[in-house]
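# Sequence first, predicted coordinates after that:
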Amino acid sequence: MKMTVGQLSFTLETRLFPIIGRPMGQSSASYAYNPLFSANGIDEIMWPVEIPVGGLGDFMAAVRTLGIRHFCLTMPHKAPIIQYLDEVDEQSRIFNSVNIVKMENGKFIGTGMDGKGNVAAIRAAGVNVQGMHIAIIGAGSIVGVILLELAREGVEKITLINRSVGKADALVRTVREYTDMTIECIPLTDGNLNKLAGKCDFLMQSTPLGLAGYSHDFTCLDFMDRLGPRAIVMENIVNPPLTRVAARARERGLKIIYGMDMMLGQIGKIFEFCYGFAPKPDHIELARRSVRQFFNFRG
Ligand SMILES: NC(=O)c1ccc[n+]([C@@H]2O[C@H](COP(=O)([O-])OP(=O)(O)OC[C@H]3O[C@@H](n4cnc5c(N)ncnc54)[C@H](OP(=O)(O)O)[C@@H]3O)[C@@H](O)[C@H]2O)c1
């Protein structure tokens, strides 16, 4: 028997596909995944589940008991999950970044899709990054895998600008080991940001500055006015859909790739990983409409 609550449909056979993290109050992923499950006849339902730091052992026992086949992860579990998995690809292991796990033939197999999803969003926006100089603000858990994917796309140079230079420098050294891409890092100051914005082709914002529920935002957005008229701005934050950085880029008439686009880019890759096919473009549009509706975003 099919039951419907609001936009959700499920049966008594429907399996849980949790997305776990902490905090999960701002998570919008279920609004994208559930319409795609319905549209593709997948009898699973995504639900955000808050798991505390140190709670992964209990969670994995629950996954086995409940027969969960797939789960997504967000911070702070992307690195600690690796010790519980049977197989993780080299790239995700190098950067300690797994955000999707499937159970296949009795084995837990995990991979990180943040890099692939980020590049899928760039491609879907019709942007070719080959030969570009990209500036990335932030050097957190998703940046390593993004760097490797950008190197594969033929980016000429990347400058990381981060609060903790030591952390960014560790990424730079690892990326140099695996790619020939030119990469450097500099400390995050208003002066450096202004100078960098004046010379890059593409600016990616990858910190939680401006994220819903996070206490800090950029104090000064002057760097946005230094970007050239053909510069591309990518904001990785999903919630809110229009951060102050994205709003300033929009005021300037610059091309913007939103965090929501990156999330949808990842979903395509996650469907291929879990089910062996990518959702059709009109189904991705269905998911986009559902997330926009959730945010009441008309941008
Ligand atoms: N669209 C999507 O599908 C998607 C997927 C995953 C993540 N995201 C978003 O991408 C962003 C980055 O995620 P992440 O997992 O890499 O985050 P993370 O591991 O927590 O890293 C955060 C980065 O932001 C910097 N930062 C944090 N607070 C700061 C502050 N007050 N001032 C200056 N810098 C600050 C950190 O600098 P330090 O190194 O100095 O600590 C670090 O480089 C987040 O906003 C997240 O919501 C989007």
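Yep, it's here.
# Skipping its backbone neighbours, what lies nearest whichever residue of the chain sits closest to the ligand in space?
Proximity of the chain to the ligand (Cβ to the nearest ligand atom) peaks at residue 140, 1.9 Å away. Using the backbone N, CA and C atoms, a C-beta is placed for each residue, glycine as well. With Cβ to Cβ, 6 or more residues apart in numbering as the criterion, residue 140 has its nearest non-adjacent residue at 6.6 Å, and that residue is residue 206.
# was I right about that neighbour contacting residue 141?
No. Proximity of residue 206 to residue 141 does not meet the contact threshold set by Cβ atoms under 8 Å, at 9.8 Å.
# Just want to know which of these two has more residues nearby.
Shown here are residue 206 and residue 141; by other Cβ atoms under 10 Å, residue 206 has more neighbours (24 against 19).
# Can you tell me which residues in the stretch 1-150 of the chain are near the ligand?
By the rule Cβ under 6 Å from any ligand atom, the part of the stretch 1-150 of the chain lying against the ligand is 75, 114, 117, 138-143.
# Ramachandran angles for residue 112?
phi -110, psi 130 (degrees, to the nearest 10).
# Quick check: what element follows the host helix or strand of residue 173 along the chain?
Assessed by DSSP states H and E, residue 173 sits inside helix 165-178. Next along the chain after helix 165-178, taking DSSP H and E as the criterion, comes strand 182-187.
# thinking again about what came up before, next up, the contacts around the residue nearest to residue 140.
136-138, 140, 142-143, 146, 236 (Cβ atoms under 8 Å, 6 or more residues apart in numbering).
# 7 Å instead?
136-138, 140, 142-143, 236 (Cβ atoms under 7 Å, 6 or more residues apart in numbering).
# Could you tell me which of those residues are located in helices?
Judged by DSSP state H, the subset of these located in helices is residue 143.
# out of the contacts of residue 206, what pair is the most spread apart?
137 and 142 (12.5 Å; Cβ to Cβ).
# Which residue lies closest in space to residue 217, excluding its sequence neighbours?
Using Cβ to Cβ, 6+ apart, the nearest residue to residue 217 is residue 210, at 4.5 Å.
# How about the contacts made by that neighbour?
217-218, 237, 243-245.
# now swap in residue 46 and tell me
Contacts of residue 46 (Cβ under 7 Å, 6+ apart): 17, 19, 29-30, 33-34.
# Save these as JSON lines, and put in neighbour count and secondary structure too.
JSON lines is the format used below for those (neighbours: other Cβ atoms under 10 Å; DSSP: H, G, I helix; E, B strand; the rest coil):
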{"residue": "17", "neighbour count": "20", "secondary structure": "strand"}
{"residue": "19", "neighbour count": "20", "secondary structure": "strand"}
{"residue": "29", "neighbour count": "22", "secondary structure": "helix"}
{"residue": "30", "neighbour count": "22", "secondary structure": "helix"}
{"residue": "33", "neighbour count": "24", "secondary structure": "helix"}
{"residue": "34", "neighbour count": "22", "secondary structure": "helix"}
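# where do the strands sit along this protein?
3-5, 8-10, 15-21, 44-50, 70-73, 87-88, 100-104, 107-111, 133-137, 157-162, 182-187, 202-205, 232-235, 255-257 (DSSP state E).
# pLDDT of the last one, averaged?
Along strand 255-257, the predicted local confidence has a mean pLDDT of 98.
# which helices and strands sit right next to that strand?
The contact analysis (3 or more Cβ pairs under 7 Å, 6 or more residues apart in numbering; DSSP states H and E) places strand 255-257 against strand 232-235, helix 244-251.
# on that earlier part again, just tell me which of the strands of the chain ends up closest to residue 298.
strand 255-257 (14.5 Å).
# mind listing what's buried in the closest one?
Within strand 255-257, the residues scored as buried using 16 or more other Cβ atoms under 10 Å are 256-257.
# What strands line up against that strand, and which way round?
Here strand 255-257 has these sheet partners by DSSP bridges: strand 232-235 (parallel).
# centre of the chain versus the partner strand, how much separation?
14 Å (Cα atoms, centre = their mean, to the nearest Å).
# Likewise for stretch 232-250?
14 Å.
# and what of stretch 53-60?
The answer for stretch 53-60 is 22 Å, by Cα atoms, centre = their mean.
# Buried ones in it, by neighbour count?
56, 59-60.
# And the residues you listed, which is closest to residue 282?
Distances from residue 282 to these, taken by Cβ to Cβ, are shortest for residue 59, at 34.6 Å.
# give the contact list for that closest one.
Counting by Cβ under 7 Å, 6+ apart, residue 59 has contacts 20, 51.
# Give me the distance between it and residue 245.
Look at residue 59 and residue 245: by Cβ to Cβ, to the nearest Å, they are 34 Å apart.
# again with residue 68
In terms of Cβ to Cβ, residue 68 sits 36 Å off from residue 245.
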